[in-house]
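Quick check, what structure comes out for this input:
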Amino acid sequence: MSGGSCDGQGLRPVDEAIAQLLSRVPATPQVEWLPLSDALDRVLAEPAEAPAPMPAWDNSAMDGYALRAADLPATGGWLSLGGRIAAGDGAGERLGSGQAVRIFTGAPLPPGADSVVAQEQVQVEGGRIRLGPVVRGAHVRRRGEEFEAGDCLLAAGQRLQPQALGLLASLGVASVAVYRRLRVGLLSSGNELRIPGEPLLPGQIYNANRYSIGAVLRRLGCEVEDHDILADDLTTSREALSLAAAQADVLITTGGVSVGEEDHLKQAVRELGELHLWRLAIQPGKPLAFGSVEGVPWIGLPGNPAAALVTALVVARPFLLRAQGRCDVLPQPVLLSAGFDWLAANPRRQYLRARLGTGADGKSAVLLHPQQGSAMLAPACAAQGLAVIDCGQTLRQGDPLLFLPFSALLD
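Take a look at the predicted model:
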């Protein structure tokens, strides 16, 4: 494997562009309170601290018998049976000397007990039980062993996953403070675009980006406002952007940011606000642009569907998550082995549609889809993620390779 520095060619490196976008993230949205049942995948606005220890008291980890280990000889022996404690019962009276109590999973240990023996390890005869050797503390969930009162359990900026909602419920929390969803205005530019279901005239295509990018935005927790297709006209673009900016926290467009005579969005943005960057050292997706429209952040994705998808997942995603209060915004790539040779170094970082499979050596490896065109969505559907080949890098089969699973990029 080899790597070299990027040939600038006036293109912004991907990492630098992401850092610039993150430096211009607007203030996080307002906070709202939601019941736990409505808070899945929302971003926590306040840290969650434990109001009490968990467990709140010593309890049994299984169905069996609670006892004091010191009441038994090292080789085991007999104890008298006195009482029964089920989950939901109080701890009851203090355990008598030489006595055991029938107990069930989750039930509190009676005072004086320090161990539990599983029911299948006990011989019951009338009002007494015979046990083998007992290890003090066995099968007991100790008070506070999971966490103590005051411990920080969930940090602000954390996305609430199912296990987090369960944890909050176990604390008696009924509602949580979360950030309001980010409102994103989505616009597609191009005279050739038509809505699926309409007939196509010669030279026309269906607007795939409205659905793929809209779905990405929704998966990332945004509220999406779909707008009409923009005609390739400066005045129309300017008016549509201004109207959309009045209703959104962020604007995202697809198409209209390349170098063609019919690409008017960059000029419309300049007239309505600022253009902060344009053209990245990335493939696919070089024409990506970033700026603001009347104070509202704007991300201009390329028009080619695969390029729009890749740049939305790689470049726009960190900005959109941070704007929603998320702390963990950069995906964690997995280091795997290349199942292919890549001998032609490229001055741009490449994000290639790939899947996991078996290489020529029989080992697990990243395999490329044979089609990598920037307009092709079928390869992305057949892929499981993106293989990352840095600018100037070449690879041989078996070389280490960074892989970004779609599951991580859509989280």
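
just the strands in the stretch 151-300 of the chain please.
152-154, 175-179, 183-188, 193-194, 205-206, 223-226, 250-254, 273-278, 282-283, 289-293, 296-301 (DSSP state E, counting those that start in this stretch).

So for the third one, what gets flagged as buried?
Along strand 183-188, the positions that meet the burial threshold by neighbour count (16 or more other C-beta atoms under 10 Å) are Val184, Gly185, Leu186, Leu187, Ser188. Using the backbone N, CA and C atoms, a C-beta is placed for each residue, glycine as well.

before we move on, the earlier item: now tabulate the strands of the stretch 151-300 of the chain in CSV and tack on mean pLDDT and distance to Pro53.
Formatted as CSV, those follow (pLDDT from 0 to 100; distance: least, C-beta to C-beta, whole Å):
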stretch, mean pLDDT, distance to Pro53
strand 152-154, 96, 12
strand 175-179, 97, 21
strand 183-188, 97, 41
strand 193-194, 94, 59
strand 205-206, 96, 58
strand 223-226, 96, 39
strand 250-254, 97, 42
strand 273-278, 95, 50
strand 282-283, 97, 50
strand 289-293, 97, 48
strand 296-301, 97, 44
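
Could you point out which of those strands sits nearest Tyr351?
When the strands of the stretch 151-300 of the chain are compared by C-beta to C-beta, strand 282-283 sits nearest Tyr351, at 7.0 Å.

where do the helices sit along the stretch 151-300 of the chain?
Taking DSSP state H, counting those that start in this stretch, the helices of the stretch 151-300 of the chain run over residues 162-170, 209-219, 234-245, 265-272.

can you check the stretch 1-150 of the chain too?
Secondary structure of the stretch 1-150 of the chain (DSSP H, counting those that start in this stretch): helices at 14-23.

which stretches of it have low pLDDT?
Within the stretch 1-150 of the chain, the segments meeting pLDDT under 70 span 1-9.

ok, how many other residues are close to Pro162?
For Pro162, the count of nearby residues is 9 (other C-beta atoms under 10 Å).

What residue, apart from its backbone neighbours, is nearest it spatially?
Leu40 (6.8 Å; C-beta to C-beta, 6 or more residues apart in numbering).

and that neighbour, how far is that from Val176?
11 Å (C-beta to C-beta, to the nearest Å).

Neighbour count for these two, which is higher?
Between Leu40 and Val176, Val176 has the larger neighbour count (other C-beta under 10 Å), namely 22 against 13.

circling back: which neighbours do Leu40 and Val176 share?
Residues touching both Leu40 and Val176 (C-beta atoms under 8 Å, 6 or more residues apart in numbering): Leu160.

next one: the helix or strand that contains Gln350 to chain centre, how far?
Gln350 belongs to strand 349-358 when assigned by DSSP states H and E. Distance of strand 349-358 from the chain centroid (C-alpha atoms, centre = their mean, to the nearest Å) equals 20 Å.

Partner strands of that strand, with direction?
Its sheet considered, strand 349-358 pairs with strand 282-283 (parallel), strand 364-368 (antiparallel), strand 385-389 (antiparallel) by DSSP bridges.
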